[in-house]
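Engineer: Fold the following and give me the result.
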Amino acid sequence: MIVDITEKPSIIRRASASGVLSVPPAVVSMAHQGETKKGDLRNSATIAAILAVKQTPMSLPHCHPIPIESCEVEWQEVERGLKCTVTVSTTSKTGVEMEALSGVSTALLCAWDMLKPILKDSNGQYPDTSICDVSVISKMKIPTEI
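Structural biologist: As a prediction, this is how the structure comes out:
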């Protein structure tokens with residue numbers, strides 16, 4: 001079932017989510033430089049985030065398709081790895097926090113995928129790698145004038 005939002009007014013909605021790809025210290029500088037055997041990590045992961053934002057209703061069946069009017073993806077150096085923040089805006093009847101979360105999660109998965117060759121240990125495992133701290137960091141609703 002999809003929740004009926006027919007009677008809700010369209011308003012400006014904005015949400016930001018962030019998360020961290022935690023990697024071993026030796027990989028942090030490589031990750032920040034961005035170049036991998038698969039190409040430019042930040043550019044590829046940014047595109048992956050934008051695509052995920054736009055396709056959120058395809059993977060989360062209870063999300064309404066909404067017009068994505070803005071999507072910003074930012075990368076930040078943190079001590080333990082790469083931090084990604086995705087901010088999504090729309091004028092719609094329902095929010096964009098799931099889109100922001102989907103974008104962050106996919107960006108971090110893409111970054112992990114691109115770093116796999118240098119993240120694996122001798123047994124092909126990832127003992128010092130994780131995606132963590134994925135959360136909504138802000139959510140705003142701004143009524144539009146009628």
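
Engineer: going forward, measure contacts between C-alpha atoms and count neighbours the same way
Structural biologist: Fine.

Engineer: which stretch of helix or strand covers residue 50?
Structural biologist: helix 41-54 (DSSP states H and E).

Engineer: Where does residue 132 sit: helix, strand or coil?
Structural biologist: strand (DSSP: H, G, I helix; E, B strand; the rest coil).

Engineer: Look at it and report its pLDDT.
Structural biologist: Per-residue confidence (pLDDT) for residue 132: 97.

Engineer: How much space separates the closest residue to it other than its chain neighbours from residue 72?
Structural biologist: Spatial nearest neighbour of residue 132, chain neighbours left out: residue 20 (5.3 Å); criterion: C-alpha to C-alpha, 6 or more residues apart in numbering. From residue 20 over to residue 72 the distance is 16 Å, taken as C-alpha to C-alpha, to the nearest Å.

Engineer: Neighbour count for these two, which is higher?
Structural biologist: residue 20 (24 against 15; other C-alpha atoms under 10 Å).

Engineer: Confirm that one sits in a strand?
Structural biologist: Yes. Assessed by three-state DSSP, residue 20 belongs to a strand.

Engineer: I'd like the distance between it and residue 84.
Structural biologist: Counting by C-alpha to C-alpha, the gap from residue 20 to residue 84 is 6 Å.
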